[in-house]
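Student: Could you work out the structure for the sequence below:
(2 chains)
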There are 2 protein chains.
Amino acid sequence: MDDRQLAVLRRKLDALSYSEPLDPSSAPLVQKLVEDLVHTTDSYRVTKQQCLKQSQEMAAFDSRLEAVRQESVRL
Amino acid sequence: MDDRQLAVLRRKLDALSYSEPLDPSSAPLVQKLVEDLVHTTDSYRVTKQQCLKQSQEMAAFDSRLEAVRQESVRL
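Tutor: Modelled structure (predicted):
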């Protein structure tokens, strides 16, 4: 890994609030860990969002169903 | 980080298929990244599982609803 790539990696770490020292010899390992962490975090956010949307759909459906049930009791 | 902690971290990296070299001076950074990666991966798995379970519940509900609809058309 050259100096430019190392500087980019250091900036990325700082942006993610990792302020611990990085030795150039460990840069390939750290690069890989950061990539995997960013990828996993993105996947987690997307899935959490989907999950929340599904919950809201189910809640809305339950409300409609309950309204229909109340109406059929009334009739 | 002492030698024992460093050896534990190295074994953990190997178990996660990270074979790149680790310099002792970068160990605290790597330790933190690995912890965060493991934590995020766990959260992702749990959320994905919840999401799948919800999807199955919704699909089962849709099937029941369709059966009721068909029945009410028949009557």
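Student: what's around residue A:51, how many residues?
Tutor: Residues near residue A:51, counting by other Cβ atoms under 10 Å in any protein chain shown, number 19. Using the backbone N, CA and C atoms, a C-beta is placed for each residue, glycine as well.
Student: how about it, what does it touch?
Tutor: The contact partners of residue A:51, by Cβ atoms under 8 Å, 6 or more residues apart in numbering or on different chains, come to B:47, B:50, B:51, B:54.
Student: I'd say the last one and residue A:56 touch.
Tutor: This means residue B:54. No - using Cβ atoms under 8 Å, residue B:54 is not in contact with residue A:56; the gap is 10.8 Å.
Student: Compare those two (neighbour count), which wins?
Tutor: Between residue B:54 and residue A:56, counting by other Cβ under 10 Å, residue B:54 is the more crowded of the two (17 against 10).
Student: Which residue comes closest to the more buried one once chain neighbours are left out?
Tutor: The shortest distance from residue B:54 to any non-neighbouring residue, by Cβ to Cβ, 6 or more residues apart in numbering or on different chains, is to residue A:54 (4.6 Å).
Student: Contact partners for that neighbour?
Tutor: Contacts of residue A:54 by Cβ under 8 Å, 6+ apart are B:51, B:54, B:55, B:58.
Student: Mind putting these into a markdown table with pLDDT and secondary structure?
Tutor: Shown next, in a markdown table, are the contacts of residue A:54 (pLDDT from 0 to 100; DSSP: H, G, I helix; E, B strand; the rest coil):
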| residue | pLDDT | secondary structure |
| --- | --- | --- |
| B:51 | 92 | helix |
| B:54 | 90 | helix |
| B:55 | 89 | helix |
| B:58 | 85 | helix |
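Student: What pLDDT does the model give residue A:53?
Tutor: With respect to pLDDT, residue A:53 scores 93.
Student: between the helix or strand where it lies and helix B:27-74, how big is the angle?
Tutor: Counting by DSSP states H and E, the element that carries residue A:53 is helix A:27-74. Angle, helix A:27-74 to helix B:27-74, by axes from the mean of the first three to the mean of the last three Cα atoms, to 10 degrees: 30 degrees.
Student: Off-centre distance for helix A:27-74?
Tutor: Mean-position distance between helix A:27-74 and its chain equals 11 Å (Cα atoms, centre = their mean, to the nearest Å).
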